[in-house]
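> Output the structure for:
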Amino acid sequence: MSISWSTPITGTAQTGLTSPTYTTTPDTAPAGNPGKQVAVVALGGTQTGVAVHSVARPFTLNFTRPASLRTLGPPNPVTGVIALIPKNTYKLITRKGVIPLADQAPQVMIIETIITVPAGADTADPLSIRAALSAHLGALNQQSAGFGDLTANGVL
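A predicted model of the protein is given here:
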């Protein structure tokens, strides 16, 4: 099993959060969005003002894959070229209810990491796929607080 949630999830450094952790429970993904989903039911560390999952203020994480995985077709018998390379798209979608202004109804913030892999690369070049993911996730982890500050103050 590739995706197997463990709980709690240890959060990364963010301005205003101290040692954040997120205790999760399995949840059902929204219709039309098959995947493995968890809801955040408890918080650890110092996260003053952060709410756990509720109907009004969701806090979920959902990994998805294509409903039907695509494979690489045969090359043209004359040219040896594969004209159309299908792609498989994988996502991690985080949904969090946030308050846009005091005394206003919560709105859902959405964070998506989308990974589009050319069919065939999974067998021909899996280490490059893993290296790209390693660098991508490492950059997000390294710049977690900076990215959080960016979304709050708009300064890049």
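
> The residue nearest in space to the middle of the chain bridge partners, please.
Ranked by distance to the mean C-alpha position of the chain (C-alpha atoms, centre = their mean), the top residue is L92 at 2.5 Å. Taking DSSP bridges as the rule, L92 bridges to F63, T113.

> okay, now Q37: neighbour count?
A count of nearby residues for Q37, using other C-beta atoms under 10 Å, gives 20. Where you see a C-beta, it was placed from the backbone N, CA and C, and this is true even at glycine.

> Check the offset of the host helix or strand of it from the chain's centre.
Counting by DSSP states H and E, the element that carries Q37 is strand 35-46. Counting by C-alpha atoms, centre = their mean, to the nearest Å, strand 35-46 is centred 13 Å from the centre of its parent chain.

> residue ranges of the strands in this structure, please?
Remark: strands assigned in the chain by DSSP state E are 9-10, 18-27, 35-46, 59-64, 87-98, 107-118.

> now for the third one, which elements pack on it?
Packed against strand 35-46, as judged by 3 or more C-beta pairs under 8 Å, 6 or more residues apart in numbering; DSSP states H and E, are the following elements: strand 18-27, strand 59-64.

> Name the stretch among these that sits most buried.
The densest packing among the helices and strands packed on strand 35-46, expressed as mean neighbour count by mean count of other C-beta atoms under 10 Å, is seen in strand 59-64 with a mean of 20.
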